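K.L.:
Let's see this in three dimensions:
(2 chains)
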Amino acid sequence: MKITLKVWRQKDSADKGRFETYTLNNVSEHMSFLEMFDVLNEELIQKKEVPVAFEHDCREGICGACSMVINGRPHGPMQGTTTCQLHMRHFNDGDTIVVEPFRARAFPVLRDLVVDRSAFDRIIQSGGFISVNTGQAQDANAIPVNRDAAEASFSAAACIGCGACVAACPNASAMLFVSAKTAHLNLLPQGQIEAKRRVQAMVKQMDGEGFGNCSNVTACEAECPKEISVKNIAKLNRDYAGSVMGSEVEV
Amino acid sequence: MKLDGKIPAGSLAEKWTKYRSTVSLVAPHNKMRLEVIVIGSGLAGASAAATLGELGYNVKCFTFHDSPRRAHSIAAQGGINAAKNYRNDGDSVYRLFYDTIKGGDYRAREANVHRLAEVSTSIIDQCVAQGVPFAREYGGLLDTRSFGGTQVQRTFYAKGQTGQQLLIGAYQALSRQISLGKVKMYNRHEMLDLVTIDGKARGIIARNLVSGKLERFGAHAVVLATGGYGNVFYLSTNAMNCNVTAAWRTVRRGALMANPCFTQIHPTCIPVSGDYQSKLTLMSESLRNDGRVWVPKKQEDAQAIREGRKKGNDIPEADRDYFLERKYPAFGNLVPRDVASRASKSMCDAGFGVAPTGLAVFMDFSAAIERYGRSRASSLGLANADKATIRALGEKVIDEKYDNLFAMYEKITGENAKKMPMKIYPAVHYTMGGLWVDYNLETNIPGLFATGECNFSDHGANRLGASALMQGLADGYFVLPYTIGTFLANEIKTPTIDTNAPEFAAVESETRARLLGFLSVNGKQSVESFHRRLGRIMWEYCGMARNAEGLAKARKMIQELYEEFKADVFVPGQLEEFNPELEKAMRVADFMELGELMIVDALNRNESCGGHFRTEYQTEEGEAQRNDEEYAYVAAWEYKGIGQEPVMHREDLVFDVVKPTSRSYK
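P.N.:
The predicted model follows:
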């Protein structure tokens, strides 16, 4: 296949950035999108040019490192698929593909397609955990967990922290990410103790990082490679309301 | 050098308990003054950093990723072993210990493995308390399943994403310590060398991967939790950035590398499809609970499939060879990984392979789908359900159990493995070899510890499925936090390590010179192209089957390739900028040096055991032929520099409890 790529190039966060156009003549339909970028970079290196920087690691859709916006959609056109698992068989010979970094005020561009997502780490640090030290746990089967609750908790916990939800949202809101974590923990009996404090602390941190508000566009769910449900956002809103209005907890 | 494993005295079952009660302690007020560096934030690193922080130490944790949540532990699919015996199926600490020693083909230390089995149960408790959403039964209690090399169901799991959920648990515990100020996290920082002062590990030189600047960090002790070196083969199930550099630089500073030739080839991976391929994807071992591995009985059928004239479903039951069930009736499809991999390879070598390349066998779920379908139909009261209904119900059960795995397979291959058999082939997955450590997980460099896949200690010559997660978390949560006290208890008078010391300046300038060296070659070939070539040599001559002649040839090829690399590599850009090509250059150079050492080790070990299969040493049935008389030892290598012969130090393995026997799964 012949593919034309319009790729965002930006030297560092101070650089203004621009699109560059590259043409690849021998793209196999079995290649992944990132393997196509490997081929592009090999060609650039042969010409002694600077290769395109992009984030990637596991290449099996679980580490959450890869982060391209492909033709305007985070992780590209396929439902429930990360960029690394997107294969070229879903494109056509002669296509022009526009590739940009995830764009959000809270995700500054470091270089080309690489952005800084450390705001997500700081949100987790604000309360996305259960306070238990190593060695303090009782026997694992001492806490029975309703199977459906465990399933729902797992579905939320499947979030890979890639940031596609933020990139997809016109407000660059991180509500899907935050709610996935609060749902994961608040749905389990172990997570109940700190649930009220958790939602307040994480929402406060989210706001402080410069993420926008949720206005129920639900593009986040549509673009999420792990298909995390916006029902989690509804639960977060309920938990938050219950925390600030019906309790003494204050963060 | 005399290698002392520092194994505590006493009976096997009492060693760890006694050790814990008598090991030197560091008082809380002293912990507050001591600093520990942890390299890596995977299961072994994150759990160690979090636990050391909880204990009161001041921890600096480093990862080259943009976030500690991305380490490759996250990709582990199937599960984690623990001797809970919740199934009442006869499991026990001893049985887990025994299975692991036997699975490792009697090349691991008894005391380490027994300790691992002992703490396995606490890991599950800890993870549940952290909120890890393990699979549960309707009564709300934990579910388990089987893995290879065992006859009990001791593997706890969270669908096909167990590694992800355990890592997130450890990441959350780490995040809590970061928020409390006990751990300082350094993302996008790569350790490039170790600094020793008076022979003790006292700090590191790291490169800030965003600014490209070299930075110095000091601490009273350094813990490496940097994973394995499977990427020396280029194509492996490891993540693209997994590398040996941090560990290898400590080898260059005198740490010993133990059993580097012990690499694990995982039997069930998606086969290679083209030259551009950058990595291989694992299909979890858990699938062998329900997947039956087969090839056609007739070579002409295999050929027809390879040429696209027939499909797997066209081959009638009578013409299928379920070769694992045939060869190993006692364990069937759940034989250990090394055994399954070799069996698949030998079927393909004999002309029964089913992919266009000839390198694939089938893994078939139709029998399981039908079995589950009937059971589900019966529980729904559908006594006369038709075939299609039964299949649909069965597929639903398969989805519940392995959800993401089938989806992943379809994304990569474009085929639905519930409708037609999966195609699989062995691929490099894990490295049992690693830095030599004693019972305290301390290397031969005082103050330098190694945990998880980075060390060599628990899996012998072959790791059993669902044991890597167990070992990473055992080391980080329950072993290192105690054992590091043996070193730190004697350091309470040592002041904060001064990074202005001349030792730091010297290592920093060596590192800078090395990096500038790569940039100044200005040759014609990319780093990646060298890595691919190295990988092909390693796979061809030091992969699933090895022999003396091939190994000797490969050693020369690698030496030549390394010379070519130094003369003709092209690394674009500058040192002090974001430069992924420079990161790769350094890693590939270190892989070249390690690759040669692996070959030296493989040549030295004139026997077959576990993942190390020397074609000269096999039984009449083609099974590995161990030589306990001469090779029941750990080969710990001292690196002497490029062009020098490495020196081997032996640690003899003593088996007090388990008598090594021929390992049979028949």
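K.L.:
where does the stretch 501-650 of chain B come near chain A, residue by residue?
P.N.:
Within the stretch 501-650 of chain B, the positions adjacent to chain A are B:524, B:526, B:528-529, B:570, B:572-573, B:577-578, B:580-581 by C-beta under 8 Å from any C-beta of the partner chain. Every residue, glycine included, has its C-beta placed from N, CA and C.
K.L.:
Restricted to helices, list those residues.
P.N.:
B:528-529, B:580-581 (DSSP state H).
K.L.:
could you say which helix or strand contains the residue of chain A found nearest chain B?
P.N.:
Checking chain A residue by residue against chain B with C-beta to the nearest C-beta singles out residue A:144 as nearest, at 3.1 Å. Following DSSP states H and E, there is no helix or strand that holds residue A:144.
K.L.:
Got a quick ChimeraX command for the buried subset of the ones in helices among the residues of the stretch 501-650 of chain B next to chain A?
P.N.:
Per 16 or more other C-beta atoms under 10 Å in any protein chain shown, the buried members of those correspond to this ChimeraX selection:
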select /B:528,529,580,581
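K.L.:
can I see the domain layout of the chain?
P.N.:
Looking at chain A here, since you left the chain open. A:3-111, A:118-245 (automatic domain parsing).
K.L.:
my question was about chain B
P.N.:
B:269-428, B:509-625.
K.L.:
re the thing from before, winner for burial among the domains of chain A?
P.N.:
Among these, domain A:118-245 has the highest mean neighbour count (mean count of other C-beta atoms under 10 Å in any protein chain shown), at a mean of 20.
K.L.:
Quote the end-to-end distance of it.
P.N.:
One end of domain A:118-245 to the other measures 31 Å (C-alpha to C-alpha, to the nearest Å).
K.L.:
What mean pLDDT does it get?
P.N.:
Domain A:118-245 shows a mean pLDDT of 97.
K.L.:
What's the local residue count around the closest residue to residue B:71 other than its chain neighbours?
P.N.:
Leaving aside its chain neighbours, residue B:71 sits nearest to residue B:42 (3.3 Å; criterion: C-beta to C-beta, 6 or more residues apart in numbering or on different chains). By the measure other C-beta atoms under 10 Å in any protein chain shown, the count of residues near residue B:42 is 32.
K.L.:
any idea which of the domains of chain B scores lowest on pLDDT?
P.N.:
Across the domains of chain B, the lowest-scoring stretch is domain B:269-428, with a mean of 94.
K.L.:
touching chain A at all, that one?
P.N.:
Yes. Under the criterion of C-beta under 8 Å from any C-beta, domain B:269-428 makes contact with chain A via B:273-274, B:276-279, B:281-282, B:407-408, B:411-412, B:414.
K.L.:
now those residues: which count as buried?
P.N.:
Of the residues of domain B:269-428 next to chain A, these count as buried by 16+ other C-beta under 10 Å: B:273, B:276-279, B:281-282, B:407-408, B:411-412.
K.L.:
Return the subset of the residues you listed lying in helices.
P.N.:
Using DSSP H, the subset of those located in helices is B:407-408, B:411-412.
K.L.:
Looking at the residues you listed, which is nearest residue B:169?
P.N.:
Of all these, residue B:169 sits closest to residue B:408, with 22.3 Å by C-beta to C-beta.
K.L.:
what sits against the closest one?
P.N.:
A:60-61, A:85, B:281, B:283 (C-beta atoms under 8 Å, 6 or more residues apart in numbering or on different chains).
K.L.:
again, but for residue B:322
P.N.:
Shown in contact with residue B:322 (C-beta under 8 Å, 6+ apart): B:292-294, B:333.
K.L.:
roughly how far apart are it and chain A?
P.N.:
28 Å (C-beta to the nearest C-beta, to the nearest Å).
K.L.:
From residue A:76, how far out is that residue?
P.N.:
Taking C-beta to C-beta, to the nearest Å as the measure, residue B:322 falls 39 Å from residue A:76.
K.L.:
May I have the phi/psi pair for residue A:197?
P.N.:
When read as degrees, to the nearest 10, the backbone of residue A:197 gives phi -60, psi -40.
K.L.:
List the contacts of the nearest residue to it once chain neighbours are set aside.
P.N.:
Spatially, and ignoring its direct neighbours in sequence, residue A:197 is nearest to residue A:249 (5.3 Å; C-beta to C-beta, 6+ apart). Each residue near residue A:249 by C-beta under 8 Å, 6+ apart is listed here: A:196-197, A:200, A:243.
K.L.:
Those: which two are farthest apart?
P.N.:
Largest pairwise distance in these, by C-beta to C-beta, is 7.7 Å, between A:197 and A:243.
K.L.:
neighbours of the residue in the stretch 51-200 of chain B positioned nearest to chain A, just the number please.
P.N.:
With C-beta to the nearest C-beta, the shortest gap between the stretch 51-200 of chain B and chain A falls at residue B:140, namely 3.1 Å. The number of residues packed near residue B:140 is 15, by other C-beta under 10 Å.
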